[in-house]
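Undergrad: Here is a sequence together with a model predicted from it:
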Number of protein chains: 2
Amino acid sequence: MAALETVLDKIDANLDSALERLFQLIAIESVSTDPAFAGECKAAAEWLANELTGLGFEASVRPTAGHPMVVAHAKAARPDVPHLLFYGHYDVQPADPLELWQTPPFEARIVEAETGRQIVGRGVADDKGQLMTFIEAVRAFRETGDLPCMITILLEGEEETGSPSLPAFLAANKKELEADLALVCDTGMWDRATPAITTMLRGLVLEEAIIRGADRDLHSGIFGSAAINPIHVLARIIAGLHDQDGRVTLPGFYDGVTELPEEVAEQWRALKFNEAEFLGAVGLSIPAGEQGRSVLEMVWSRPTCDVNGVLGGYTGKGSKTVLPAEASAKFSFRLVGAQDPAKIAESFRAYVRKSLPEDCKVEFISHGGSKALQLPFSSEALSRASRALQAEWGADPVLAGCGGSIPIVGNFKSDLNMDTLMIGFGLEDDRMHSPNEKYELTSFHKGARSWARVLSAIAQ
Amino acid sequence: MAALETVLDKIDANLDSALERLFQLIAIESVSTDPAFAGECKAAAEWLANELTGLGFEASVRPTAGHPMVVAHAKAARPDVPHLLFYGHYDVQPADPLELWQTPPFEARIVEAETGRQIVGRGVADDKGQLMTFIEAVRAFRETGDLPCMITILLEGEEETGSPSLPAFLAANKKELEADLALVCDTGMWDRATPAITTMLRGLVLEEAIIRGADRDLHSGIFGSAAINPIHVLARIIAGLHDQDGRVTLPGFYDGVTELPEEVAEQWRALKFNEAEFLGAVGLSIPAGEQGRSVLEMVWSRPTCDVNGVLGGYTGKGSKTVLPAEASAKFSFRLVGAQDPAKIAESFRAYVRKSLPEDCKVEFISHGGSKALQLPFSSEALSRASRALQAEWGADPVLAGCGGSIPIVGNFKSDLNMDTLMIGFGLEDDRMHSPNEKYELTSFHKGARSWARVLSAIAQ
């Protein structure tokens, strides 16, 4: 295996041809949501399998009920090195509205911007440019010697449509896909100068409650106040879910929620996250959540309860004096740490039942639940990856949380029992899913160099 | 003027021919909501005008933007008697679904039922049979002598479609329609044996509030708990509108609300209204409103606050983890006594504004307001009509409230400055607006006799 410096030099030397390869991949219009592009999705999978075969991988395009998977395996020089599973996705969002693109979305190009050179094209940040950073790192190892780790690559073509074929594929190919650690390149940097490793993904409990009173809609003139109004009942239930300090009132809700390790808390404080700017961008000014918590904590490391939808009675134009027979709401709970989705759902349902007047009934619908994922802060792989990123960027990576969910990471944990290192080089202004999507040339180039360093560090 | 007994005998003697006349009127398919029946509406108006002309009225069919009005005037024997304005409507609901009628809806017939003979046909209870009770009473006076009061009759053809032409017609014909007292025959009896005079109509304030937070819908994973959730804000506002005893919390809400006179309260208690049956009919068992109040009070004489509709966020199938930019609700307040609609609306808006977090805005939409109407319990006309009904039915009439609204009565008060006596002979099981609509033969016959007694009593 060549020295790391040799590999990094090779990445530098390859940059122009790497861009050519990326542009080729972007030119394949692999829009997964539109059946008209199924052929293009298959073509993208084949292009990638071919690319990986050229790098000495045993690569294949594997059919699914939807768009195909690409699976590729390569051995390392030594047998005693870790086995890594890299995940990315080759499908992209539709390019509409086309008229807002300054140049054709599938003809990638380099643009000079104030902050440096940018690659513009559909899917360049999400996720073609990101996944190619890893493949270019692998190429540099291959062109200078052997791979430092045993590597399996899994590329899917349905991420933008919710990965419908993925769970079954993982289940059917468990043995083939199991590894020591998963790597996912579908997240972002903290800012232009600061890399990030996403170590926490919040879990989710989704519950719907339908409150029913009378067995039909009633005239509020005839029955008003004598007959129970399910909207009033629902409103009291929603209002009772938080106390005055913004904490969730469900019994046992905070069981399993732990405080951040002091060094992570200190790192987050040192980021001097601009709360005013974050909220100001959407027209707000005051953090609404738990008092005494920073906004970063609120969205990264604290559990939440939100009503995502509410419906009852007459909602058209004007007025109708109806007392509705039912009112419903959709609730979501973001979980952290060791919070148990089943217990949270049960505590919620018990609270609702307890809040119901005798004349009301409730129907619950579960829309699923998942535990929070937490890469242990003490993980050796995390320390090594952190040092590797520090060496490339000259700044410690932020150990970030992610308020949303990245389902594949949950599948890796639950189905393949693997932790995941989420490292990506996207920036907040990359216009993912929007016209003129871009990826910084720096992200692409230093991203590949970062992966070379990470692979090298993990192998040692 | 003939003795009352002579008039009543004439009504009895006329019963068969009265039924024939009613059947003729029912045969005219005066469905106001369907333009295809416009000619039939006009025919019904002409039939009525002709009928009234035959009874010595100066009657005319008066065009409006919609279906015509019938206006008819007749003088009394003496000039110093009261001038009464009688209101009814000749239009009917559509007969659909036709297949559920046991016989053709516009071919009225007599049916023998367990509780006595019934007249079946579209519009017989609402309102053709009812308005004909008055006209048959007038006929009996005419056929035995003079009218006891000066009488103006106003019959409209758009009641079932919300009386769109009525306000302008009243305004344009104010002088012609002003009288000492209005009589409306479009309400019901307390039960088969007990007549009723509706003396209280609740007022109404309709307000819509739209609560806005962020300037766009947000991803609850990224912004959840940090960004204010308008559904939570709205729920707290709704939940705060009532206290634990079911009373409305708005400052000044109960200003102008008075207790019932003890004799009316006593009469209502004596009715032994079956609350369990009233609520049980719609699947409920427990009165939900103000503690310490009977259900009759709740729906007849107490003010209420109800949310008639609520909407926010994602309300389709499944789940979507959105933090909505806005949530809205439609509120209605039923008013009694001297409650001031403008003050109630202002108190509501002030409460909402005070409940808003700094980061939220609210938009209000008014959907109108009207004061409650209360025929003074001490009114001389009310006492006389009560005694007249008692004499006919052998039972004191219930001085009833009406939870809903009868707009014409508000117009008579606000535009023509007239109180209204609402006396009708419908029963709860008349299937108004439904197939096989019926009107008891007793209602029709004793209804006409009742009007004869009421006119006679008021004239004295």
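TA: Sure thing, it's come through. Numbers count the residues shown, from 1 in each chain, chains lettered A, B, ... in the order given.

Undergrad: From here on, just use CA atoms for contacts and neighbour counts.
TA: Noted.

Undergrad: Count the neighbours of residue A:181 for me.
TA: Residue A:181 is flanked by 19 other residues according to other CA atoms under 10 Å in any protein chain shown.

Undergrad: Against chain B, how distant is it?
TA: Here the criterion is CA to the nearest CA, to the nearest Å. By it, residue A:181 lies 25 Å from chain B.

Undergrad: Which helix or which strand is home to residue A:135?
TA: Assigned by DSSP states H and E, residue A:135 belongs to helix A:129-144.

Undergrad: So what's the model's average confidence on that helix?
TA: Mean pLDDT, computed over helix A:129-144, is 98.

Undergrad: Quick check: phi and psi at residue A:48.
TA: Dihedral pair for residue A:48: phi -70, psi -40, per degrees, to the nearest 10.

Undergrad: Hmm, it is touching residue A:71, no?
TA: No. Using CA atoms under 8 Å, residue A:48 is not in contact with residue A:71, being 9.7 Å away.

Undergrad: one step back: just checking, what packs against the helix holding residue A:135?
TA: If contacts are counted by 3 or more CA pairs under 8 Å, 6 or more residues apart in numbering or on different chains; DSSP states H and E, helix A:129-144 sits against helix A:4-27, strand A:83-89, helix A:441-459.

Undergrad: neighbours of residue A:97, just the number please.
TA: Residue A:97 has 9 nearby residues by other CA under 10 Å.

Undergrad: still on that earlier bit, what about the helix or strand following the helix holding residue A:135, distance to the chain center?
TA: Elements were assigned by DSSP H and E; along the chain past helix A:129-144, the next helix or strand is strand A:150-156. A distance of 18 Å separates the centroid of the chain from that of strand A:150-156, by CA atoms, centre = their mean, to the nearest Å.

Undergrad: Can you list the strands that strand A:150-156 pairs with?
TA: Its sheet considered, strand A:150-156 pairs with strand A:69-74 (antiparallel), strand A:83-89 (parallel) by DSSP bridges.

Undergrad: which residues touch the most centrally placed residue in chain A?
TA: Closest to where the C-alpha atoms of chain A average out (CA atoms, centre = their mean) is residue A:406, at 3.3 Å. Going by CA atoms under 8 Å, 6 or more residues apart in numbering or on different chains, residue A:406 touches residue A:201.

Undergrad: do that again at 10 Å, thanks
TA: A:159, A:184, A:186-187, A:201-203, A:373, A:422 (CA atoms under 10 Å, 6 or more residues apart in numbering or on different chains).

Undergrad: Spell out the secondary structure type for residue A:282.
TA: coil (DSSP: H, G, I helix; E, B strand; the rest coil).

Undergrad: burial count for it?
TA: By other CA under 10 Å, neighbour count at residue A:282 equals 17.

Undergrad: re the thing from before, which of the contacts of residue A:406 sits closest to chain B?
TA: The nearest member of those to chain B, counting by CA to the nearest CA, is residue A:202 at 8.2 Å.

Undergrad: Distance check, the closest one against residue B:232.
TA: Separation of residue A:202 from residue B:232 (CA to CA, to the nearest Å): 21 Å.

Undergrad: more crowded one of these two?
TA: Comparing residue A:202 with residue B:232 by other CA under 10 Å, the one with more neighbours is residue A:202, at 28 against 20.

Undergrad: my read: that one touches residue A:333, true?
TA: Yes. The pair residue A:202 / residue A:333 is scored as a contact, 9.4 Å apart, by CA atoms under 10 Å.

Undergrad: show me what contacts residue A:311?
TA: Residue A:311 neighbours (CA under 10 Å, 6+ apart): A:210, A:231, A:234, A:326-330, B:309-316, B:327-329.

Undergrad: again, but for residue A:177
TA: Contacts of residue A:177 (CA under 10 Å, 6+ apart): A:71-73, A:84-86, A:152-154, A:169-171, A:412, A:416.

Undergrad: And residue A:117, by the same measure?
TA: Residue A:117 neighbours (CA under 10 Å, 6+ apart): A:110-111, A:438-442.

Undergrad: since we're on residue A:286, how many residues are nearby?
TA: 16.

Undergrad: In space, what's closest to it - neighbours in sequence excluded?
TA: Nearest residue to residue A:286 in three dimensions, chain neighbours excluded: residue B:359, at 6.5 Å (CA to CA, 6 or more residues apart in numbering or on different chains).

Undergrad: So which of the contacts of residue A:117 is the closest to residue B:452?
TA: For the contacts of residue A:117, the residue nearest residue B:452 by CA to CA is residue A:438; the value is 87.5 Å.

Undergrad: residues near residue A:356, how many?
TA: Neighbour tally, residue A:356, other CA under 10 Å: 18.

Undergrad: Identify the residue nearest it in space, chain neighbours excluded?
TA: Spatial nearest neighbour of residue A:356, excluding adjacent residues (CA to CA, 6+ apart): residue A:233 at 7.1 Å.

Undergrad: quick check: angle from the helix or strand that the one you found is a member of to helix B:230-239?
TA: According to DSSP H and E, residue A:233 maps onto helix A:230-239. Comparing the axes of helix A:230-239 and helix B:230-239 via axes from the mean of the first three to the mean of the last three CA atoms, to 10 degrees yields an angle of 120 degrees.

Undergrad: Toward the C-terminus, what is the element adjacent to helix A:230-239?
TA: That would be, after helix A:230-239 and using DSSP H and E, helix A:262-270.

Undergrad: still on that earlier bit, out of the contacts of residue A:406, which sit inside strands?
TA: A:184, A:201, A:203, A:373, A:422 (DSSP state E).

Undergrad: Look at the first one and say how many residues are nearby.
TA: Here the count is done by other CA under 10 Å, and residue A:184 has 23 residues near it.

Undergrad: Distance-wise, check it relative to residue B:249.
TA: 55 Å.

Undergrad: try the second one
TA: Taking CA to CA as the criterion, residue A:201 is separated from residue B:249 by 43 Å.

Undergrad: who has more neighbours, those two?
TA: residue A:201 (28 against 16).

Undergrad: check contacts around the more buried one.
TA: A:300-301, A:334-337, A:371-375, A:400-407, A:409-410, B:221.

Undergrad: swap the cut-off to 8 Å and go again
TA: In this structure, residue A:201 makes contact with A:300, A:336, A:372-374, A:401-406, judged by CA under 8 Å, 6+ apart.

Undergrad: Just among these, which is most surrounded?
TA: residue A:403 (29 neighbours).

Undergrad: Pull out the buried positions in the helix or strand hosting residue A:343.
TA: Taking DSSP H and E as the definition, residue A:343 sits inside helix A:341-355. Buried residues in helix A:341-355, counted by 16 or more other CA atoms under 10 Å in any protein chain shown: A:341, A:344-345, A:347-349, A:351-353.

Undergrad: what's the answer for stretch A:48-64, then?
TA: So stretch A:48-64, judged by 16+ other CA under 10 Å, has buried residues A:48-53, A:55, A:57-62.

Undergrad: Which pLDDT does the model give residue A:433?
TA: Per-residue confidence at residue A:433 stands at 87 (pLDDT).

Undergrad: again with residue A:93
TA: So, for residue A:93, pLDDT stands at 92.

Undergrad: same deal with residue A:71?
TA: 98.

Undergrad: Burial check on it, number of neighbours?
TA: 24.

Undergrad: Run through the residues that contact it.
TA: A:49, A:59-62, A:152-155.

Undergrad: repeat that with 7 Å
TA: Residues in contact with residue A:71 (CA atoms under 7 Å, 6 or more residues apart in numbering or on different chains) are A:59-61, A:153-155.
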